[in-house]
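Student: Here is my input; please provide its structure:
(one chain, ligands or ions: 1)
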Amino acid sequence: TSSSMKPHVMMVSSLGHGHLLPFMQLSKKLASRGFTISFVTTFHHMPFLQNKVNAAQEDGLDIRLLEVKVPQDHLTLGKVNSNSVQWHHLPPILAANDRLQPHFELFLDDFLQRTDDYNLTRPLCLIADFLLGWASAVATKFGIPRVNFECSGSFSESVHEIVWKILPRNLERTTSGRYLVPDIPREIRLKPSQMLPELPEATETNGTHLFWKCHRAGNKQSWRTITNTFYELEGEFVDFFEKVYGPVRTIGPLLPPEAFQDSRKIIPAAVEMGSNTDELRCLQWLDRQAPRSVIYVSFGSENSVSSAQVMELAMGLERSRQKFLWVLRRPTDAGEASGSALDYLPNGFCDRVKEKDEGLIVLGWAPQLSILAHPSTGGFLSHCGWNAVLETTVMGVPMIAWPLYAEQHFNAKFVVDLVKIAVEAPQRAEENWLVRSDDIERVVRLLLEEEKGKELKARVDELKKIARVAVSEGGSSSNNFDLFVREILALEEQ
Ligand code: UDP
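Tutor: Sure, this is the predicted structure:
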């Protein structure tokens, strides 16, 4: 059959690599089952995705990249210029997701009238990000079933569902100051550090609340929900979520197949955009280190910390006398100032580190999966993005949970107290809201040298095995994916 005759599925992701990467992985998985995938995106991510699409096409996968036109200032419009408070970064991204709706609607209308020009058929369904709740209404308008793709975990999504429901949110607190989350499986008590900073004060007009309210209402109208998690990891919360959202299929972790194999071979550029030299530099450096001796430090693809916190972190890492691989980004308060992220390190830091071969600093994009897969990596100091949580689980690396904003706080609760594969980052000092270097030194040692670190490692190794079973033939995620494929194909006959 010609490619245009293959069943066609359309995808639209929200902005941000943490969403694009699982979307791309899902596209490949579906394309390898004989679907044609059209991946709709804005100009912001065209170059990043084009590389991946080209590589997939070379592998014989039918994935097409389509651009929905948006104004040049689509993302920067409404950008909040905040230097210190991390969660202020979220509203502009959320606002850009909202603003996408009319543009996407015009695009889809035009696309459906000109499918022949695209050499594509009408899409059987539209798989849209959970941050694009409006996609249900748009898809319905054109008679296309909408699939809600949850790129976050079900625990964090369940907590979100509950805590935003009634505002102002006067959650009950324990005598030790923990917030009690009602109506959810297990007795969930969140420490203030595990709570969304804005929530206790939030009223009905809070931006995040309004966002969730609107998008969740849309998501609940979806034909199906798929989530990037596996049932064995957080089944009771998947069940809870399903009661609210309708049929949920857990199909994760969505990672390249190489991630589940015990080989030392470099994981292909499938989820990476760094140059090969970056990748080689990291892996060659790791090759020279002792097994499980290195702490990998990264706050994800979008986040950074303040310059004062960079200083504390540098001093803490140096004093811990543990090896480190640190993905360093410009601090949040660097503003438009020119210069490199290295300028924010203590005097002589780079020279000392180099001299004693104590660590490696990566500027920009690191080959995270390859680093986590490397036997020298013994721990991951992470902001707890959901992809980071899944990747560390699959690679069997225990974490230090250092959430910065949004659901990262709930993910931290999840990895520390529920699945127990992480230790919490030390408390911030009240006077300056910084995690102090001596506390960082202690927690890094705890993870790499002490009994507690060994316990966490044993637990994450158990989960690693379970994750691999879930995605292999006959496992829960694999079965759910098969079911999902059959459900889409059945739409063709309707
Ligand atoms: N990532 C990477 N190199 C980097 C930063 C991020 O490969 O230097 C990848 C990482 O492996 C993960 C994704 O980008 O797959 C980030 O997603 P996550 O949910 O962890 O955090 P976010 O960046 O969305 O906050």
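Student: what ranges do the helices span in the stretch 201-350 of the chain?
Tutor: For the stretch 201-350 of the chain, the helices defined by DSSP state H, counting those that start in this stretch cover 207-219, 231-245, 276-287, 307-320, 349-355.
Student: Output these in a markdown table, with mean pLDDT, mean neighbour count and distance to Leu66 appended to each entry.
Tutor: All C-beta atoms are positioned from the backbone trio N, CA, C, and that covers glycine. As requested, the helices of the stretch 201-350 of the chain are exported to a markdown table (pLDDT from 0 to 100; neighbours: other CB atoms under 10 Å; distance: least, CB to CB, whole Å):
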| stretch | mean pLDDT | mean neighbour count | distance to Leu66 |
| --- | --- | --- | --- |
| helix 207-219 | 86 | 19 | 22 |
| helix 231-245 | 96 | 19 | 28 |
| helix 276-287 | 83 | 15 | 28 |
| helix 307-320 | 97 | 21 | 40 |
| helix 349-355 | 93 | 14 | 44 |
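Student: Please determine how far Met480 is located from the ligand.
Tutor: You called it Met, but residue 480 is Asn. In this view, Asn480 and the ligand are 21 Å apart by CB to the nearest ligand atom, to the nearest Å.
Student: In space, what's closest to that residue - neighbours in sequence excluded?
Tutor: Closest residue in space to Asn480, ignoring its immediate chain neighbours: Arg249 at 4.3 Å, by CB to CB, 6 or more residues apart in numbering.
Student: which residues touch that neighbour?
Tutor: 224-227, 480-481, 483-484 (CB atoms under 8 Å, 6 or more residues apart in numbering).
Student: that older thread, redo the helices of the stretch 201-350 of the chain as JSON lines? Include distance to Ser340.
Tutor: Putting the helices of the stretch 201-350 of the chain into JSON lines (distance: least, CB to CB, whole Å) gives the following:
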{"stretch": "helix 207-219", "distance to Ser340": "33"}
{"stretch": "helix 231-245", "distance to Ser340": "39"}
{"stretch": "helix 276-287", "distance to Ser340": "15"}
{"stretch": "helix 307-320", "distance to Ser340": "12"}
{"stretch": "helix 349-355", "distance to Ser340": "10"}
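Student: and of these, who's closest to Asp183?
Tutor: Shortest distance between Asp183 and the helices of the stretch 201-350 of the chain, using CB to CB, is found for helix 231-245: 8.9 Å.
Student: was I right about Tyr344 contacting Met311?
Tutor: Yes - Tyr344 is within contact range of Met311, at 7.3 Å (criterion: CB atoms under 8 Å).
Student: For the protein, name the helix or strand with the lowest mean pLDDT.
Tutor: helix 276-287 (a mean of 83; mean pLDDT, DSSP states H and E).
Student: Name the surrounding residues that touch that one.
Tutor: 266, 269, 272, 294, 325, 360, 362, 364-367, 370-371, 374, 376-377.
Student: Can you tell me which of these are buried?
Tutor: Neighbour-count burial (16 or more other CB atoms under 10 Å) is assigned, among the contacts of helix 276-287, to 266, 269, 272, 294, 325, 360, 362, 365-367, 370-371, 374, 376-377.
Student: between those residues, which is closest to Phe43?
Tutor: Trp365 (19.4 Å).
Student: tell me the pLDDT at that closest one?
Tutor: Note on Trp365: pLDDT of 81.
Student: do Trp134 as well
Tutor: Here the pLDDT value assigned to Trp134 is 97.
Student: give the contact list for the closest residue to the ligand within the stretch 301-450 of the chain.
Tutor: Nearest to the ligand, among the residues of the stretch 301-450 of the chain, is Gly385, at 2.3 Å (CB to the nearest ligand atom). Counting by CB under 8 Å, 6+ apart, Gly385 touches 18, 300-301, 408, 411.
Student: Please apply the same query to Glu105.
Tutor: So Glu105 contacts 138, 141 (CB under 8 Å, 6+ apart).
Student: Quick check: Val310 touching Leu345?
Tutor: Yes - assessed by CB under 8 Å, Val310 is found in contact with Leu345 at 6.8 Å.
Student: any residues in contact with both of those two?
Tutor: Common neighbours of Val310 and Leu345 (CB under 8 Å, 6+ apart) are Leu328.
Student: now the contacts of Arg249 as JSON lines including neighbour count and pLDDT?
Tutor: Converted to JSON lines, the contacts of Arg249 look like this (neighbours: other CB atoms under 10 Å; pLDDT from 0 to 100):
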{"residue": "Arg224", "neighbour count": "20", "pLDDT": "97"}
{"residue": "Thr225", "neighbour count": "25", "pLDDT": "97"}
{"residue": "Ile226", "neighbour count": "24", "pLDDT": "98"}
{"residue": "Thr227", "neighbour count": "30", "pLDDT": "98"}
{"residue": "Asn480", "neighbour count": "20", "pLDDT": "98"}
{"residue": "Phe481", "neighbour count": "22", "pLDDT": "98"}
{"residue": "Leu483", "neighbour count": "14", "pLDDT": "98"}
{"residue": "Phe484", "neighbour count": "21", "pLDDT": "98"}
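Student: from the residues you listed, which is closest to the ligand?
Tutor: Among those, and counting by CB to the nearest ligand atom, the member closest to the ligand is Thr227, at 13.6 Å.
Student: That closest one and Gly252 touch, don't they?
Tutor: Yes - the criterion here is CB under 8 Å, and Thr227 meets it with Gly252 at 6.8 Å.
Student: Skipping adjacent residues, who's closest to Ile144 in space?
Tutor: Nearest residue to Ile144 in three dimensions, chain neighbours excluded: Leu126, at 5.1 Å (CB to CB, 6+ apart).
Student: burial measure for the closest residue to the ligand within the stretch 51-200 of the chain, as a count.
Tutor: Closest approach between the stretch 51-200 of the chain and the ligand, counting by CB to the nearest ligand atom: Cys151, at 7.5 Å. Per other CB atoms under 10 Å, the neighbour tally for Cys151 reads 27.
Student: Next: Arg486.
Tutor: Based on other CB under 10 Å, the number of other residues close to Arg486 is 9.
Student: State whether Leu254 and Thr227 are indeed in contact, as I suppose.
Tutor: No - contact criterion CB under 8 Å: Leu254 and Thr227 do not qualify, at 9.8 Å.
Student: which stretches of the stretch 151-300 of the chain aren't confidently modelled?
Tutor: Where the stretch 151-300 of the chain drops to pLDDT under 70, the residues are 263-277.
Student: And the helices in the stretch 1-150 of the chain?
Tutor: 17-31, 46-58, 90-113, 115-118, 135-141.
Student: which one of those is the most hemmed in?
Tutor: Each of these was scored by mean neighbour count; the highest is helix 17-31, a mean of 23, by mean count of other CB atoms under 10 Å.
Student: Cool, thanks, talk later.
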